[in-house]
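Visitor: based on what follows, work out the 3D shape:
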Amino acid sequence: MSMLKAKLLNWKKEQVADLELPPSLFQQEIRWELINEVVRWQRACARQGTHKAKTRADVSGGGKKPFRQKGTGNARQGSIRSPLNRGGGVTFGPKPRSYKYTLPSKIRKKALRQTLSWLWNEKKVFFLEDMKSAEGKTKELSNRLKIFGLKKALLVDQDGDPLFKRACANLKSFQFLPVEGLNVYDLLKYGHLVMSKKSVSFLVDRQSQFIKANSEEKVDKEEVSEI
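Guide: You can find the predicted model right below:
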């Protein structure tokens, strides 16, 4: 497949060069069930799992038998903190636990490529020559983003200029991410993607390494099957 061509822009939205993109990253078949699976995995791993209901052993009080066993006409009771009583413990309530589970890395990477492809198809991706800020002022960055007509977006760079990060910090509808942390959930949440040239190069290099590793793995399997 031939390389995709994109415009490399400056902060005035003027084209400064052409950028070639591999179809393996930005032109993949989109399977929403796969993307949904990865989003569910991300949200599950982000859960704290600190919920807890008190059992009858945790509720304060209830050490004394409320009335004698026989002769009162009431059902027998051993504690006023029984789950049957108001103010008592909870039966089979939630306990602190982890919601994390493993998901194969191939599925995660494939879903990321498919999400990037969807954004590319919807023309919601912008490529910039750099992501730097002279003064680190939020107002300056906000005015820059208005030129692109963006109200909500994910800003991705490789190195991460400290002043640029500071300028992003007070923008509620924008999020800065290092390219290593690029993920499916944030791409879908913010709806638009603004990438620097360096971050694109990083993704392309990592993708080529992944393809090379897969091809070597296939060769090894074929050699084993022949033996």
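Visitor: okay, stretch 183-195 in CSV with CA atoms only?
Guide: The C-alpha trace of stretch 183-195 is given here as CSV (Å, rounded to 0.1, in the frame of the first residue of the first chain):
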residue,chain,number,x,y,z
ASN,A,183,-4.3,5.4,24.3
VAL,A,184,-7.7,4.5,22.9
TYR,A,185,-9.9,6.0,25.7
ASP,A,186,-8.3,9.5,25.6
LEU,A,187,-8.5,9.6,21.8
LEU,A,188,-12.2,8.8,21.8
LYS,A,189,-12.8,11.1,24.8
TYR,A,190,-11.3,14.2,23.3
GLY,A,191,-12.4,13.5,19.7
HIS,A,192,-9.5,15.4,18.0
LEU,A,193,-5.8,14.7,17.9
VAL,A,194,-2.9,17.2,17.5
MET,A,195,0.4,15.6,17.0
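Visitor: let me see the mean pLDDT of that stretch.
Guide: The predicted model assigns stretch 183-195 a mean pLDDT of 95.
Visitor: buried set for that stretch?
Guide: 183-188, 190, 192-195 (16 or more other CB atoms under 10 Å). Using the backbone N, CA and C atoms, a C-beta is placed for each residue, glycine as well.
Visitor: so of the residues you listed, which ones are in helices?
Guide: Among the buried residues of stretch 183-195, the residues falling in helices (DSSP state H) are 184-188, 190.
Visitor: dump those to CSV, plus distance to Arg108.
Guide: Output for those, formatted as CSV (distance: CB to CB, whole Å):
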residue, distance to Arg108
Val184, 8
Tyr185, 11
Asp186, 13
Leu187, 13
Leu188, 14
Tyr190, 19
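Visitor: and the residue nearest to Gly93 when sequence neighbours are not counted, how far from Leu188?
Guide: Excluding the flanking residues, the one nearest Gly93 by CB to CB, 6 or more residues apart in numbering is Ala53, at 2.7 Å. Distance of Ala53 to Leu188, given as CB to CB, to the nearest Å: 33 Å.
Visitor: tell me which stretches of the chain form helices.
Guide: All helices of the chain, identified by DSSP H, fall at 23-26, 32-46, 105-121, 138-147, 162-169, 184-190, 197-226.
Visitor: wait, which of the ones you listed is closest to Val90?
Guide: Across the helices of the chain, the minimum distance to Val90, taken as CB to CB, is reached by helix 32-46, at 23.9 Å.
Visitor: so who does Gln158 touch?
Guide: 178-179, 196, 198-199, 201-202 (CB atoms under 8 Å, 6 or more residues apart in numbering).
Visitor: which residues touch the residue most central in space within the chain?
Guide: Nearest to the geometric centre of the chain sits Tyr185, at 3.9 Å (CA atoms, centre = their mean). Residues near Tyr185 by CB under 8 Å, 6+ apart: 38-39, 42-43.
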